[in-house]
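>>> mind looking at a prediction? Sequence and model below.
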Amino acid sequence: MSKRAYNFNAGPAALPLTVLERAQAEFVDFRESGMSIMEMSHRGAIYESVHNEAQERLLSLLGNPQGYKVLFIQGGASTQFAMIPMNFVSEGQVGSYVMTGSWAEKAFKEAKLVGGAHAAASSEDKKFLAIPELSSIKAADNAAYLHITSNETIEGTQYAEYPDSGSIPLIADMSSDILSRSFDVNQFGLIYAGAQKNLGPSGVTVVIVKEELIAKSPSNIPTILRYDTHLKNNSLYNTPPSFSVYMVNEVLKWIEEQGGLAGIEAKNRDKAALLYNHIDGSGGFYRGVAEAGSRSIMNVTFRMQSEELEKQFVKAAEQEGFVGLKGHRSVGGLRASIYNAVPHESIKALSDFMKHFQQTQG
Ligand code: PMP
């Protein structure tokens, strides 16, 4: 097998090698059907069993919260930015959004187009390098929901704890940190995540939703964009992204093997600590971007003394097999995305490389 890269891509991102190998082993003849899972009907027993298994496994990893369903929808998290206000904001209401960075802003802008949007708090004054104080978050009186972005992939910030939205449903974009740590699903009305960071390949978006919240969607929006369409049809209203759902199921099995969310969380905290400690201990050669209390354990953003040095760093890193370390084009700098499937050894190797690079600049 060819050498695997040290993959720090922000998404699509690293997948567990064992998952890729298992998928490879059953790629052309899935469960003795004589065909790949991509080649069979989504109405057949084999595909349906995988589909249902993935939903059950996800709920089980989340502690089987009562009254919640898992939906598989296409169009990425970006489609959820539109579906949420379309389905939930009725006449005279708004969606309340906590403005934490680039992705929260996108969700907010989309809600503005569709219904009404209101900023429940913002950390723009801190250049989005911190999550606002939870006590400062105030949903509007006429809020249909409070929307948060649990992890800002670009700025590298993450909620340490979630706000209490009282009787207003809390909705979270968990695209870049879903299943990275234990949390209580019962706090949320709806959680969504594009699969391509922590759950599998791109192509499927996972929605975990309190059934009572979507029992009835407004009748004046297109059928495919109504949550109740997907709920009533067990996410088989139209052809699902079957291969992506299959891969999600395999990634979920792998998470179980890591000791579930508690096991994964311990590993993720170790990995993040290794990298942040290295950055903090570099005497200012590397500087963390996010404020300490809001640092993400998934996307580690950092800078160096000059853009020129950052360029040299990325180039030298690429030569050593490190991929994806350039920061998002909108903010620059450097970013190591260390999602669930990025092994500890990759972070150790990165930390050793960073030390070596610093020495060469001596
Ligand atoms: N939200 C967050 C937090 C993200 O990181 C991303 C993708 N990077 C998105 C939304 C958009 O996801 P998609 O490309 O699946 O529409």
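Sure thing, it's come through.

>>> list the contacts of stretch 73-88.
With contact meaning Cβ atoms under 8 Å, 6 or more residues apart in numbering, stretch 73-88 is reached by 95, 103, 106-107, 110-111, 113-115, 117, 144-145, 147, 169, 171, 173, 175, 190, 192-194, 202-205, 207, 213-214, 217-218, 221, 225-227, 230, 235, 240-241. Placement of C-beta: from N, CA and C, glycine included.

>>> next, give phi and psi for the closest residue to the ligand within the stretch 151-300 of the chain.
Per Cβ to the nearest ligand atom, G194 is where the stretch 151-300 of the chain lies closest to the ligand, at 2.9 Å. Phi and psi for G194, reported as degrees, to the nearest 10, are phi -70, psi 140.

>>> so who does G156 touch?
Here G156 is in contact with V289, A290, R295, S296, N299, V300, T301, R335 (Cβ under 8 Å, 6+ apart).

>>> any idea how far the third one is from M40?
In other words, R295. Using Cβ to Cβ, to the nearest Å, we find R295 at a distance of 44 Å from M40.

>>> just the fifth one next, same as before
In this view, N299 and M40 are 37 Å apart by Cβ to Cβ.

>>> with neighbour numbers in mind, choose between these two.
The residue with more neighbours, out of N299 and M40, is N299; 30 against 17, by other Cβ atoms under 10 Å.

>>> that older thread, measure how buried the residue of the stretch 151-300 of the chain closest to the ligand is and give me the count.
27.

>>> same check on the one 4 residues further on?
One way to gauge burial is a neighbour count; for N198, by other Cβ under 10 Å, it gives 27.

>>> and for F357?
18.

>>> who touches it in this structure?
F357 is in contact with F313, A316, A317, counting by Cβ under 8 Å, 6+ apart.

>>> can you point out the buried residues in the host helix or strand of it?
In this assignment (DSSP states H and E), F357 forms part of helix 344-360. For helix 344-360, a neighbour-count test (16 or more other Cβ atoms under 10 Å) marks S346, I347, L350, S351, F353, M354, F357, Q358 as buried.

>>> how about stretch 309-321?
E310, F313, V314, A317.

>>> what helix or strand does the second one sit in?
Translated: F313. helix 307-319.

>>> what's the mean pLDDT across that helix?
Averaged over helix 307-319, pLDDT sits at 97.

>>> now stretch 333-348
For stretch 333-348, the mean pLDDT works out to 98.

>>> measure I171 to L350 for me?
As defined by Cβ to Cβ, I171 lies at a distance of 34 Å from L350.

>>> ugh, wrong one, I meant V94
In this view, V94 and L350 are 43 Å apart by Cβ to Cβ.

>>> low-scoring stretches of the stretch 51-200 of the chain, by residue?
Applying pLDDT under 70 to the stretch 51-200 of the chain flags no residue at all.

>>> near the ligand, which residues of the stretch 51-200 of the chain?
Within the stretch 51-200 of the chain, the positions adjacent to the ligand are G76, A77, S78, W103, T149, T153, D173, S175, S176, G194 by Cβ under 6 Å from any ligand atom.

>>> just say helix, strand or coil for A193.
Look at A193: counting by DSSP: H, G, I helix; E, B strand; the rest coil, its state is strand.

>>> state the number of residues packed around it.
Neighbourhood size, A193 [other Cβ under 10 Å]: 26.

>>> the residue nearest to V114 when sequence neighbours are not counted: which element?
Leaving out its chain neighbours, the residue that sits closest to V114 by Cβ to Cβ, 6 or more residues apart in numbering is P85, at 4.2 Å. Assessed by DSSP H and E, P85 sits inside helix 76-88.

>>> which parts of this structure are helices?
Assigned by DSSP state H, the helices in the chain fall at 17-25, 45-61, 76-88, 102-114, 227-232, 242-257, 260-280, 307-319, 344-360.
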